[in-house]
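J.: Sequence first, predicted model second:
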Amino acid sequence: MRATFLLCCGSLALGAIGSIAACATSEAVSEVAPLPDSGGSSALPEDNGAEDSGSAEGATDSGAEGDGPECSAAGWCRTTLPDEDLTLKDISAVGDAAFAIADSPTLGIKVLEWRNADSTWRYIDDNTQHMVDLGTYPGRIWAPSEDEVYYGVGAGYLYHGKRPSPPATTWSWTRQRLGDESDAAVVGPQDAYPAYPSTDPGLHLNYPTLGIWGTSADDVYAWFVNTLYHRTSIGGAEPKWVPEYVADDATASEHMYFFAAAGAGPDEVWFSGARATSSVGCAVLVRKTGGTYQKVADGTPNSHSCAVRDGHLQIAGDPGFPGWLTDIHMPSANQIVGLMDTGLVRVSITGDGYSASVVPINTQATGWPFVSLWAEPGSIWMSGSGVLYRIGDDVWDGGSSAQISTLAINGAPFEERLYRIRGTSTTNLWAIGVRNAFHKTTP
């Protein structure tokens, strides 16, 4: 495929959306007011949930006590976790269920299941993830159905669980270990759970390079550090994690990481990551189509920025502005939406090539980056520290249709970190993080 590249940039400042300007120009981005926490007043309109008032779980916040769930005005309802000190790191929603992986200073790594039928979280893991050399950090979780789930724990272990047939209630689990194909003998902490290189303490977060995602129960992928695996059965044997792509072109001072996956089907799968040094990182994007992998986007890190890498799309805000591509989603055909630590990204398939747009995000108002997104045709959701954004597609054209989707309940602002936003639709959306799991079942 002949690659044709187009790069645009703009500004998404906390509090409003700035206009988009071509990166080749020197047009200044207009300044906007910073964003207060989600419980107070804001330059952005709030999603007040007025249209949601008829829903049972999504009832708006009236400030009154009752027997139902506690819900914000935007329809985010706080669910009850089985222990108070859980920090939920990832979630996968499917049908009438959801599966989450959490970390706790007292319990270690735990895996939970939510069922709409009884509105209850319960543990389903077998506790073997706490054995020696296991459970050093939580990876990602993904479920192809309500009766099957995969999750990862550091360093490099993948669990596969299946629901038992009634009357049994204990899930069955198998475990396999992945390797770092660039150095199978040793996987250091900086490779398995790297920290984003930044002098800003608020941006210095760790991201797991271990995850699972698939298009169906029979088409499941995993990634660990620099390698992409495909769950494959050879000759009718039990499926194994077969390495299909290795990002092995790092220099002695660089590391290659993968962080996330998305796609539209077995023949359209994307993976995001970074080429990183100890001081800077460049966004990486790999596409699999027609059974072939292609590295679409890459960059060459130098002391403070990313240089264009021959033959690759460069994903950057201001010219050369660096960043890891830590989360992606595919809301429609021929379009990937992603999240850098300080930028919102769109990559489009344009004929026989690709184009990229980046809207930089100002995180100074919260002191913590947006770390997760979920997208649907027409809007993008982002989660950060105590705040959820809902942004319209016009952001790519300089629009300003952004809303804070409030999590404030009974007048109390929500100030905890949110690590993940995921769902199946706007009527089945989850926002999870420190000691909280919010469920939204209204538009």
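T.: Structure received.

J.: Which elements pack onto the strand or helix carrying residue 344?
T.: Using DSSP states H and E, the element containing residue 344 is strand 343-350. Strand 343-350 sits against strand 335-340, strand 353-362, with contacts defined as 3 or more C-beta pairs under 8 Å, 6 or more residues apart in numbering; DSSP states H and E. Any C-beta I mention is one placed from the backbone N, CA and C, and that applies to glycine too.

J.: Summarise which helices and strands the first one is packed against.
T.: On a contact count with 3+ C-beta pairs under 8 Å, 6+ apart, strand 335-340 meets strand 281-289, strand 325-332, strand 343-350, strand 372-376.

J.: mind saving the C-alpha coords of it as PDB?
T.: Provided in PDB are the C-alpha atoms of strand 335-340 (Å, rounded to 0.1, in the frame of the first residue of the first chain):
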ATOM      1  CA  GLN A 335     -11.200   5.400  11.500                       C
ATOM      2  CA  ILE A 336      -9.200   4.800  14.700                       C
ATOM      3  CA  VAL A 337      -9.500   7.200  17.700                       C
ATOM      4  CA  GLY A 338      -6.700   7.100  20.200                       C
ATOM      5  CA  LEU A 339      -5.300   8.700  23.300                       C
ATOM      6  CA  MET A 340      -1.800  10.000  23.900                       C
END
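
J.: hang on, the earlier thing: in terms of mean pLDDT, which of the helices and strands packed on strand 343-350 ranks lowest?
T.: Here the helices and strands packed on strand 343-350 differ in mean pLDDT, and the lowest is strand 353-362 at a mean of 87.

J.: And that one, what does it pack against?
T.: strand 7-9, strand 12-13, strand 292-297, strand 343-350.

J.: Comparing the ones you listed, which comes out most buried?
T.: strand 12-13 (a mean of 25; mean count of other C-beta atoms under 10 Å).

J.: model confidence over the strand holding residue 344, on average?
T.: 92.

J.: partners of it in the sheet?
T.: Paired strands of strand 343-350, with direction, are strand 335-340 (antiparallel), strand 353-362 (antiparallel) (DSSP bridges).

J.: Who does the nearest residue to residue 271 once chain neighbours are set aside form a beta bridge with?
T.: What sits nearest to residue 271 in space, not counting adjacent residues and going by C-beta to C-beta, 6 or more residues apart in numbering, is residue 286, at 4.6 Å. As for beta bridges, residue 286 partners with residue 271, residue 295 under DSSP bridges.

J.: Is residue 286 in contact with residue 298, as I believe?
T.: No - using C-beta atoms under 8 Å, residue 286 makes no contact with residue 298, being 9.1 Å away.

J.: Turn the helices and strands packed on strand 353-362 into CSV, columns for distance to residue 303.
T.: Converted to CSV, the helices and strands packed on strand 353-362 look like this (distance: least, C-beta to C-beta, whole Å):
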stretch, distance to residue 303
strand 7-9, 21
strand 12-13, 26
strand 292-297, 21
strand 343-350, 20
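
J.: Please give me every residue in contact with residue 329.
T.: 262, 336, 337, 338, 373, 374, 375 (C-beta atoms under 8 Å, 6 or more residues apart in numbering).

J.: no, scratch that, I was asking about residue 123
T.: With contacts defined as C-beta under 8 Å, 6+ apart, the neighbours of residue 123 are 82, 110, 111, 112.

J.: So if I had to pick from residue 286 and residue 298, which one is more boxed in?
T.: A direct count of neighbours by other C-beta atoms under 10 Å for residue 286 and residue 298 places residue 298 higher, at 25 against 21.

J.: Quickly note the distance from that one to residue 261.
T.: To residue 261, residue 298 is 17 Å away according to C-beta to C-beta, to the nearest Å.

J.: in the sheet, who's paired with the residue nearest to residue 354 when sequence neighbours are not counted?
T.: Among residues not flanking residue 354 along the chain, residue 313 sits closest, at 5.1 Å (C-beta to C-beta, 6+ apart). On the basis of DSSP bridges, residue 313 is bridged to residue 297.

J.: and residue 313, how many neighbours?
T.: Neighbour number of residue 313 under other C-beta under 10 Å is 24.

J.: so what pLDDT did it get?
T.: Listed pLDDT for residue 313 reads 95.

J.: and the helices and strands packed on strand 343-350 as CSV, adding distance to residue 322 and mean neighbour count?
T.: Output for the helices and strands packed on strand 343-350, formatted as CSV (distance: least, C-beta to C-beta, whole Å; neighbours: other C-beta atoms under 10 Å):
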stretch, distance to residue 322, mean neighbour count
strand 335-340, 9, 25
strand 353-362, 12, 22
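
J.: of all those strands, which lies closest to residue 253?
T.: Ranking the helices and strands packed on strand 343-350 by proximity to residue 253 (C-beta to C-beta) places strand 335-340 first, at 21.2 Å.

J.: by how many degrees do the closest one and strand 372-376 diverge?
T.: Angle, strand 335-340 to strand 372-376, by axes from the mean of the first three to the mean of the last three C-alpha atoms, to 10 degrees: 160 degrees.

J.: What are the contacting residues of strand 335-340?
T.: Strand 335-340 is contacted from outside by 260, 262, 270, 272, 283, 285, 315, 317, 323-331, 344-349, 358, 370-373, 375, 380, 382, using C-beta under 8 Å, 6+ apart.

J.: Please pick the buried ones from those residues.
T.: For these, a neighbour count by 16 or more other C-beta atoms under 10 Å gives the buried set as 260, 262, 270, 272, 283, 285, 315, 317, 323-331, 344-349, 358, 370-373, 375, 380, 382.

J.: can you give me the helices in this structure?
T.: With DSSP state H as the criterion, the chain has helices at 189-192.

J.: Farthest from the middle of it: give me that residue.
T.: Taking C-alpha atoms, centre = their mean, the residue of the chain most remote from its mean C-alpha position is residue 167, at 35.6 Å.

J.: Excluding sequence neighbours, find me the nearest residue to residue 151.
T.: Closest residue in space to residue 151, ignoring its immediate chain neighbours: residue 141 at 4.1 Å, by C-beta to C-beta, 6+ apart.

J.: Please tell me how far that neighbour sits from residue 158.
T.: Taking C-beta to C-beta, one finds residue 141 at 11 Å from residue 158.

J.: Which of these two has more residues huddled nearby?
T.: Neighbours were counted for residue 141 and for residue 158 using other C-beta under 10 Å; residue 141 has more, 27 against 24.

J.: quick one: pLDDT of the more buried one?
T.: Among the per-residue scores, residue 141 holds a pLDDT of 98.

J.: so where's the stretch 201-350 of the chain uncertain?
T.: Scanning the stretch 201-350 of the chain for pLDDT under 70 picks out 201-203, 317-320, 342.

J.: Actually, the stretch 1-150 of the chain.
T.: 1-68, 132.
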